[in-house]
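>>> Okay, here's the prediction I keep looking at, along with the sequence it came from:
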Amino acid sequence: MNIGKLIIVGALSVHSVLAAAGTVVCSGKVESLAYHANNRLMVKLDSMNVPVFFCSPDSEWIVTGTDHKTGPETCKAMYSTFLAAKMSGLAINNMYFDGDQVPSTCNSWGNWQQANIRYYSLNN
């Protein structure tokens, strides 16, 4: 195989990896929060069909398909924010989920999927 073919094959490989990564933006009220062993937290907004793993309170959260990461202290703060939103009935606006397991719509998650949450806001 010559160098030109290697470059093309390499470029196609990188493109296919990047094409698999996704972002979906969901909004809604927090319907459920869950803990799942080993030390992973899940969230489900009312616009989502199933809960999604979003961080670990013990270690840096990294998912494939994104460079965004969530540290353990940020994870705890996010969980507290989501719990407060659930208790007060406030909606989460524009929650950005990133990663390889992210679907194209909020209501088409597969069971036991994981993502990184890079942004969200609360408004009344």
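Structure's in. What do you need?
>>> Kindly state the pLDDT recorded for residue 3?
The confidence metric pLDDT takes the value 56 at residue 3.
>>> contacting residues for residue 36?
42, 53 (C-beta atoms under 8 Å, 6 or more residues apart in numbering). C-beta here means a position set from N, CA and C on the backbone, and glycine is covered the same way.
>>> redo that, cut-off 10 Å
Shown in contact with residue 36 (C-beta atoms under 10 Å, 6 or more residues apart in numbering): 42, 51, 53, 112.
>>> now do residue 91
Residue 91 touches 27-30, 45-47, 85, 121-124, counting by C-beta under 10 Å, 6+ apart.
>>> number of nearby residues for the residue nearest to residue 53 when sequence neighbours are not counted?
Nearest non-adjacent residue to residue 53, counting by C-beta to C-beta, 6 or more residues apart in numbering: residue 114, 3.8 Å away. Per other C-beta atoms under 10 Å, the neighbour tally for residue 114 reads 19.
>>> now swap in residue 88 and tell me
By other C-beta under 10 Å, the residues close to residue 88 number 11.
>>> do residue 76 as well
14.
>>> Would you mind writing the CA trace of stretch 110-123 as PDB?
Written as PDB, here are the backbone C-alpha positions of stretch 110-123 (Å, rounded to 0.1, in the frame of the first residue of the first chain):
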ATOM      1  CA  GLY A 110     -31.200   3.300  24.300                       C
ATOM      2  CA  ASN A 111     -31.200   1.600  27.800                       C
ATOM      3  CA  TRP A 112     -28.100   2.100  29.900                       C
ATOM      4  CA  GLN A 113     -26.600   4.800  27.600                       C
ATOM      5  CA  GLN A 114     -24.100   7.300  28.900                       C
ATOM      6  CA  ALA A 115     -23.300  10.900  27.900                       C
ATOM      7  CA  ASN A 116     -21.400  14.000  29.000                       C
ATOM      8  CA  ILE A 117     -23.500  17.000  30.000                       C
ATOM      9  CA  ARG A 118     -21.700  20.100  28.800                       C
ATOM     10  CA  TYR A 119     -24.300  22.800  29.400                       C
ATOM     11  CA  TYR A 120     -27.700  23.400  30.900                       C
ATOM     12  CA  SER A 121     -29.700  26.200  32.400                       C
ATOM     13  CA  LEU A 122     -32.600  26.700  34.900                       C
ATOM     14  CA  ASN A 123     -35.300  29.200  34.300                       C
END
